[in-house]
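K.L.:
Mind looking at a prediction? Sequence and model below.
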Amino acid sequence: MTFGLVLWLGMYYVLSEGLEVWRFAKLPGPVEVITDWLHPDPTWGLSVYTPEYYKHIWISCFRVFAGFGIATLLGVPLGLFMGWSLAFKDYTFPILETIRPIPILAWVPLAILMFTGIETSVIFLATLA
(Lines give C-alpha, C1' and ligand atoms only; values in the text may rest on other atoms or scores of the structure.)
Protein backbone atom coordinates (compact mmCIF):
# COMPACT_ATOMS: atom_id res chain seq x y z
CA MET A 1 0.00 0.00 0.00
CA THR A 2 2.81 2.39 0.86
CA PHE A 3 4.57 1.58 -2.40
CA GLY A 4 1.40 2.30 -4.36
CA LEU A 5 0.91 5.63 -2.60
CA VAL A 6 4.54 6.66 -3.16
CA LEU A 7 4.31 5.59 -6.80
CA TRP A 8 1.12 7.60 -7.30
CA LEU A 9 2.59 10.72 -5.67
CA GLY A 10 5.80 10.31 -7.66
CA MET A 11 3.95 10.01 -10.96
CA TYR A 12 1.76 12.96 -10.01
CA TYR A 13 4.85 15.06 -9.32
CA VAL A 14 6.70 13.96 -12.45
CA LEU A 15 3.74 14.50 -14.79
CA SER A 16 2.58 17.84 -13.37
CA GLU A 17 5.79 19.58 -12.27
CA GLY A 18 8.71 17.56 -13.60
CA LEU A 19 7.93 16.88 -17.26
CA GLU A 20 5.09 19.42 -17.46
CA VAL A 21 2.96 17.18 -19.67
CA TRP A 22 0.35 19.27 -21.50
CA ARG A 23 -2.57 17.24 -20.15
CA PHE A 24 -1.48 18.16 -16.62
CA ALA A 25 -0.85 21.85 -17.38
CA LYS A 26 -3.97 23.08 -15.53
CA LEU A 27 -3.52 20.67 -12.63
CA PRO A 28 -1.50 22.03 -9.70
CA GLY A 29 1.39 19.85 -8.61
CA PRO A 30 1.69 18.21 -5.19
CA VAL A 31 4.19 20.80 -3.95
CA GLU A 32 1.84 23.63 -4.88
CA VAL A 33 -1.12 21.86 -3.28
CA ILE A 34 0.71 21.21 0.00
CA THR A 35 2.17 24.73 0.24
CA ASP A 36 -1.25 26.25 -0.46
CA TRP A 37 -2.84 23.93 2.12
CA LEU A 38 -0.30 25.02 4.76
CA HIS A 39 -0.33 28.74 3.84
CA PRO A 40 -2.33 31.16 6.05
CA ASP A 41 -3.77 32.94 2.99
CA PRO A 42 -4.58 30.25 0.40
CA THR A 43 -5.01 31.18 -3.24
CA TRP A 44 -6.91 28.08 -4.36
CA GLY A 45 -9.31 27.40 -1.51
CA LEU A 46 -9.05 26.15 2.03
CA SER A 47 -6.03 25.80 4.24
CA VAL A 48 -5.34 24.53 7.73
CA TYR A 49 -5.58 28.11 8.99
CA THR A 50 -9.09 28.88 7.72
CA PRO A 51 -12.02 28.19 10.07
CA GLU A 52 -14.10 26.91 7.16
CA TYR A 53 -11.68 23.98 6.81
CA TYR A 54 -12.57 22.73 10.29
CA LYS A 55 -16.26 23.38 9.66
CA HIS A 56 -16.10 21.00 6.67
CA ILE A 57 -14.35 18.37 8.79
CA TRP A 58 -17.01 18.68 11.50
CA ILE A 59 -19.88 18.36 8.99
CA SER A 60 -18.28 15.29 7.39
CA CYS A 61 -17.76 13.63 10.78
CA PHE A 62 -21.36 14.40 11.75
CA ARG A 63 -22.65 12.80 8.54
CA VAL A 64 -20.58 9.66 9.08
CA PHE A 65 -21.58 9.29 12.74
CA ALA A 66 -25.26 9.99 11.99
CA GLY A 67 -25.28 7.41 9.20
CA PHE A 68 -23.52 4.86 11.39
CA GLY A 69 -25.90 5.53 14.27
CA ILE A 70 -29.01 5.15 12.13
CA ALA A 71 -27.62 2.00 10.50
CA THR A 72 -26.88 0.54 13.92
CA LEU A 73 -30.31 1.44 15.30
CA LEU A 74 -31.96 -0.22 12.29
CA GLY A 75 -29.58 -3.10 11.63
CA VAL A 76 -29.11 -4.57 15.09
CA PRO A 77 -32.82 -5.03 15.89
CA LEU A 78 -33.48 -6.22 12.34
CA GLY A 79 -30.72 -8.81 12.63
CA LEU A 80 -31.94 -9.93 16.05
CA PHE A 81 -35.52 -10.31 14.81
CA MET A 82 -34.30 -12.24 11.78
CA GLY A 83 -32.37 -14.56 14.07
CA TRP A 84 -35.24 -15.10 16.48
CA SER A 85 -38.11 -15.54 14.04
CA LEU A 86 -37.95 -17.71 10.95
CA ALA A 87 -41.18 -16.18 9.60
CA PHE A 88 -39.75 -12.66 9.95
CA LYS A 89 -36.57 -13.77 8.19
CA ASP A 90 -38.56 -15.38 5.38
CA TYR A 91 -40.31 -12.05 4.71
CA THR A 92 -37.41 -9.64 5.13
CA PHE A 93 -34.38 -11.58 3.85
CA PRO A 94 -35.40 -11.59 0.14
CA ILE A 95 -36.03 -7.85 0.23
CA LEU A 96 -32.69 -7.11 1.90
CA GLU A 97 -30.83 -9.45 -0.46
CA THR A 98 -32.41 -7.66 -3.43
CA ILE A 99 -31.35 -4.22 -2.17
CA ARG A 100 -27.88 -5.21 -0.86
CA PRO A 101 -25.94 -5.53 -4.15
CA ILE A 102 -27.08 -2.13 -5.47
CA PRO A 103 -24.05 0.23 -5.39
CA ILE A 104 -24.25 3.39 -3.29
CA LEU A 105 -23.69 5.60 -6.34
CA ALA A 106 -26.80 4.12 -7.92
CA TRP A 107 -28.82 5.38 -4.96
CA VAL A 108 -27.70 9.01 -5.41
CA PRO A 109 -30.39 10.11 -7.94
CA LEU A 110 -33.09 8.33 -5.95
CA ALA A 111 -31.89 9.92 -2.69
CA ILE A 112 -31.99 13.36 -4.31
CA LEU A 113 -35.58 12.76 -5.42
CA MET A 114 -36.73 11.14 -2.15
CA PHE A 115 -35.45 13.74 0.30
CA THR A 116 -35.97 17.49 0.23
CA GLY A 117 -32.71 18.65 1.81
CA ILE A 118 -29.15 17.91 0.84
CA GLU A 119 -28.18 16.83 4.34
CA THR A 120 -30.88 14.17 4.66
CA SER A 121 -29.96 12.56 1.35
CA VAL A 122 -26.26 12.50 2.31
CA ILE A 123 -27.05 10.90 5.67
CA PHE A 124 -29.32 8.38 3.91
CA LEU A 125 -26.45 7.41 1.61
CA ALA A 126 -24.05 7.16 4.55
CA THR A 127 -26.59 4.91 6.31
CA LEU A 128 -26.77 2.63 3.27
CA ALA A 129 -23.00 2.52 2.98
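P.N.:
On my side now, so go ahead.
K.L.:
what's the distance between the residue of the chain lying at maximal distance from its centre and G29?
P.N.:
Centroid-distance maximum for the chain: A87 at 36.2 Å, with Cα atoms, centre = their mean. Plainly put, A87 is 61 Å away from G29 if you go by Cβ to Cβ, to the nearest Å. Using the backbone N, CA and C atoms, a C-beta is placed for each residue, glycine as well.
K.L.:
can you check I57 too?
P.N.:
Distance from I57 to G29, by Cβ to Cβ: 24 Å.
K.L.:
Just want to know which of the two has more residues nearby.
P.N.:
Here I57 and G29 are compared on neighbour count by other Cβ atoms under 10 Å; more neighbours surround G29, at 17 against 10.
K.L.:
That one reaches M11, doesn't it?
P.N.:
No. With contact defined as Cβ atoms under 8 Å, G29 does not count as touching M11 (11.5 Å).
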